[in-house]
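**Q** Everything below, folded, please.
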Amino acid sequence: MDLLVQAQIKGVQSEFIDALGKLRVTDPVALKSILDALPEKRVYRFVSGPVVVRALGHPRTELVATGAPPLKWKINGNANVIAQGETREPVIAWPDGLPLGYHRLTLTDADGVTEEVPMIVAPERAFGGDFDRGWLLAVQLYSIRSNRNWGIGDFTDLADLVRLAKQLGADGVGLNPLHVLFDNHPADCSPYSPNSRLFLNPLYIDVEAIPEYSADLVPDAAAIAARLREGDRVPYADMAALKWRGLRAVFDAFVTKASDARRREFDAFRTARAPLLSRFACFEVLRHRFMAPWWEWPVEWQQPIDAKCAELRNGPDKREVEFVEFVQWTADLQLHAARELAGQLGMRVGLYLDVAVGVQSNGFDAWNEQMAISRHLAVGAPPDVLNTVGQDWGLAGFNAGGLEAKSFVPFADMLAASMRHAGAIRLDHVLGLKRLYLVPRGFKPDNGAYVQMPFEAMLGAVVRESAAHKCIVIGEDLGTVPEGFRETMQDFGIWSYLVMMFERDHAGHFRNVDYYRPNALVTLNTHDLCTYAGWRSFSDLKMKRSLGLDPGENDQARWDALGMLDEILRQNGINANDLYSVLAFLSRTPSRLLAVSLEDLLGVIDQPNIPGTIDEHPNWRRRLPVALDKIASKIDLAALKAATRERSLTGGS
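**A** Here you go, the predicted model:
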């Protein structure tokens, strides 16, 4: 079949105009690599694509063809027929009361022509929260210092952060992604490059908070932890070594001494999270056994076959499999406790969690979903003004054909994994729900292509999970956004993500408060941008130049921006330009959530991450300069509460 015909069927856009205004044509060899890496995609006869039914009013689906009438339809879910009927018109009027979820729709005409189509029944809109306006304290959890953790901020510190946020008047705590990474490579600590988006990073566990822990299990833990708490960077390798030693000792104690109630709870967790948890545990055991990417494992282990996993669970590695499951259970319990605390304190959001755009190709998700995740393709971005050769983020993402074949369940599982712990989540690079820029392995980023995604179906899944978990969804919609994209997101109840540093007109003037949309999270900056102190002091420009990076602006442009900030603040009757003045401005926007970074409140100059660097800058390693129990005394509480007064229920008490 001709490459361009294949590209059309699989939704691959091999020609496009990039942000520089240049026509990009994907090299034929690169295009073939992209097409070969994508699974077959069904071309539907009767409908235009996956069917999404939004259960409000009298939903209908327009048909593109009816075949020989009548066209019979049947909805199957969980091996049962949910509903069935027929139509002679080019439309199906769905009955009321269809169960929400992921189904298969079978369409058959009078000549016996049949096709099966994925179908999602979802509420009309995502969960929208039950408050007017509030604000969140944004934190990099690893960066927290305390006088008791083992060298990295942990879930007990998170509980204390929740209490601090309540004291400050906030409605929740926003966190970096908590996805599990690779335990044998602790220095590879970017939370945006996960092993899996379905499970939690065990390094955030407070080992001492596990019921079976006692000091004699790890006699030297206190002394080692004290050393690990020193310095301004998280010592990932040494910290991980201690934490894994502690987790293994506690697991051994659990096996021999746990109460019957605890054992029943563990078994219930394993049952509730099967089969994904058991597969993940088997994957981790196999990964350590073979010490190679999963596609180089013995053939019998290259696929997630449940019967093979059962063999592993019942064989010599039984205890190792249970250990992985125990660790995930422990992490789940401790994170859940932090969320419950936020609810008990009356916080209207609780935890706001970040969801990475993709996964490492050698990790669990890519092994477990080989049809729905393309390991040979990396998500990235085409050339633009700041990245003239394009970007390759090195992460594997979902593909349309595989998701449709599996009725979007892998995507829904990924959403649910974060939503079960959160009152709000942020989907990184939400544009990927409509199209992904994919770069084939071995090619430079400027030889990628856009691949269309089933946008409405992806949004349907988001809405379904959002409503089921009562979780607000914020889409990180920065950059070049396709026409109509934000409007469609808003129609489905997905919020926008507005960064003040980017909300400027063509002349560089900051947008006024009335420009900001209500259903949005607004923030001054992000983890990839400079802090407010760094911005005012030009430190970010100096740092990037010292690393050989183009900072994207010169000193004069920064002086101009500082002047324009003063201008917009004065227009709103704010005569100072300190951080609290900026927060007062942002608090006046109609956007329903405001995120305030703890780094900004503490006057930190260096940013958590500098894109385009790996080891040149201590990305994801820097600790906050102040211990958790001293943070409140280092913040001007009166100024903060005055700035956020309009958004606080009680002003914090």
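
**Q** Tell me where the stretch 1-150 of the chain has strands.
**A** 12-13, 15-17, 23-25, 51-54, 60-62, 71-77, 80-87, 91-93, 101-108, 114-122, 134-139 (DSSP state E, counting those that start in this stretch).

**Q** same question, the stretch 151-300 of the chain
**A** For the stretch 151-300 of the chain, the strands defined by DSSP E, counting those that start in this stretch occupy 172-175, 179-180, 196-200.

**Q** Export only the CA atoms of the last one, formatted as PDB.
**A** In PDB, the C-alpha atoms belonging to strand 196-200 read as follows (Å, rounded to 0.1, in the frame of the first residue of the first chain):
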ATOM      1  CA  SER A 196       4.600   3.500  34.900                       C
ATOM      2  CA  ARG A 197       1.800   6.000  35.400                       C
ATOM      3  CA  LEU A 198      -0.300   3.400  37.100                       C
ATOM      4  CA  PHE A 199       1.800   3.000  40.300                       C
ATOM      5  CA  LEU A 200       3.400   5.200  42.900                       C
END
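
**Q** hmm, who's touching that strand?
**A** For strand 196-200, contacts defined as Cβ atoms under 8 Å, 6 or more residues apart in numbering pick out 178-180, 276-277, 280, 328, 331-332, 335, 355-356, 359, 363-365, 413-414, 417-418. Every residue, glycine included, has its C-beta placed from N, CA and C.

**Q** Kindly recompute the last result at 6 Å.
**A** Here strand 196-200 makes contact (Cβ atoms under 6 Å, 6 or more residues apart in numbering) with 178-180, 276, 280, 328, 331, 363-365, 414, 417.

**Q** Dig out what the residue nearest the centre of the chain forms beta bridges with.
**A** Of all residues in the chain, the one closest to the mean position by Cα atoms, centre = their mean is residue 355, 0.6 Å from it. With DSSP bridges as the criterion, residue 355 is bridged to residue 427.

**Q** so what's it up against?
**A** Counted by Cβ under 6 Å, 6+ apart, residue 355 has contacts 418, 425, 427.

**Q** Which among these count as buried?
**A** 418, 425, 427 (16 or more other Cβ atoms under 10 Å).

**Q** ok, those residues vs residue 116, which is closest?
**A** Proximity of these to residue 116 (Cβ to Cβ) peaks at residue 427, which lies at 28.5 Å.

**Q** Quickly note the distance from the closest one to residue 458.
**A** 10 Å (Cβ to Cβ, to the nearest Å).

**Q** Next: residue 524.
**A** Distance from residue 524 to residue 458, by Cβ to Cβ: 29 Å.

**Q** the more surrounded of those two?
**A** residue 458 (25 against 22; other Cβ atoms under 10 Å).

**Q** who's in contact with the helix or strand of the chain with the lowest mean pLDDT?
**A** Scoring the helices and strands of the chain by mean pLDDT, DSSP states H and E places strand 15-17 at the bottom, with a mean of 87. Outside strand 15-17, the residues that touch it by Cβ under 6 Å, 6+ apart are 23-25, 450.

**Q** Could you check how far it is from the centre of its chain?
**A** Here strand 15-17 shows a centroid-to-chain-centroid distance of 28 Å under the convention Cα atoms, centre = their mean, to the nearest Å.

**Q** coming back round to it: next, format the strands of the stretch 1-150 of the chain as CSV and append mean neighbour count.
**A** Output for the strands of the stretch 1-150 of the chain, formatted as CSV (neighbours: other Cβ atoms under 10 Å):
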stretch, mean neighbour count
strand 12-13, 18
strand 15-17, 12
strand 23-25, 13
strand 51-54, 22
strand 60-62, 14
strand 71-77, 19
strand 80-87, 14
strand 91-93, 15
strand 101-108, 20
strand 114-122, 21
strand 134-139, 26
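
**Q** among those, which is nearest residue 578?
**A** Nearest of these (Cβ to Cβ): strand 134-139, 17.4 Å.

**Q** Other residues contacting that closest one?
**A** 161, 165, 170-174, 348, 352, 593-598, 644, 647.

**Q** partners of that strand, with directions?
**A** Here, using DSSP bridges, strand 134-139 pairs with strand 172-175 (parallel), strand 593-597 (parallel).

**Q** Now for the nearest residue to residue 31 once chain neighbours are set aside: which residues touch it?
**A** With Cβ to Cβ, 6 or more residues apart in numbering as the criterion, residue 31 has its nearest non-adjacent residue at 5.3 Å, and that residue is residue 14. Residue 14 makes contact with 7, 26, 31, 449, according to Cβ under 6 Å, 6+ apart.

**Q** Quick one: residues contacting the second one.
**A** Neighbouring residues of residue 26 by Cβ under 6 Å, 6+ apart: 14, 449.

**Q** now with 7 Å?
**A** Residues counted as contacts of residue 26 (Cβ atoms under 7 Å, 6 or more residues apart in numbering) are 14, 447, 449.

**Q** Make CSV out of the residues you listed and add pLDDT and distance to residue 557.
**A** Converted to CSV, the contacts of residue 26 look like this (pLDDT from 0 to 100; distance: Cβ to Cβ, whole Å):
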residue, pLDDT, distance to residue 557
14, 88, 36
447, 91, 32
449, 94, 34
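
**Q** residue ranges for the helices of the stretch 201-350 of the chain, please.
**A** 221-228, 236-257, 260-272, 276-290, 306-313, 318-344 (DSSP state H, counting those that start in this stretch).

**Q** Sort out which residues of the longest one are buried, please.
**A** Read that as helix 318-344. Across helix 318-344, burial judged by 16+ other Cβ under 10 Å covers 320-335, 337-339, 341-342.

**Q** try the fourth one
**A** By neighbour count, and taking 16+ other Cβ under 10 Å as the criterion, the buried residues in helix 276-290 are 276-287.

**Q** Mind putting those into CSV with pLDDT and distance to residue 587?
**A** Formatted as CSV, those follow (pLDDT from 0 to 100; distance: Cβ to Cβ, whole Å):
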residue, pLDDT, distance to residue 587
276, 98, 41
277, 98, 42
278, 97, 47
279, 98, 46
280, 98, 42
281, 98, 46
282, 98, 49
283, 98, 46
284, 98, 45
285, 98, 50
286, 98, 51
287, 98, 47
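
**Q** What is the nearest of the residues you listed to residue 485?
**A** Among those, and counting by Cβ to Cβ, the member closest to residue 485 is residue 276, at 31.0 Å.
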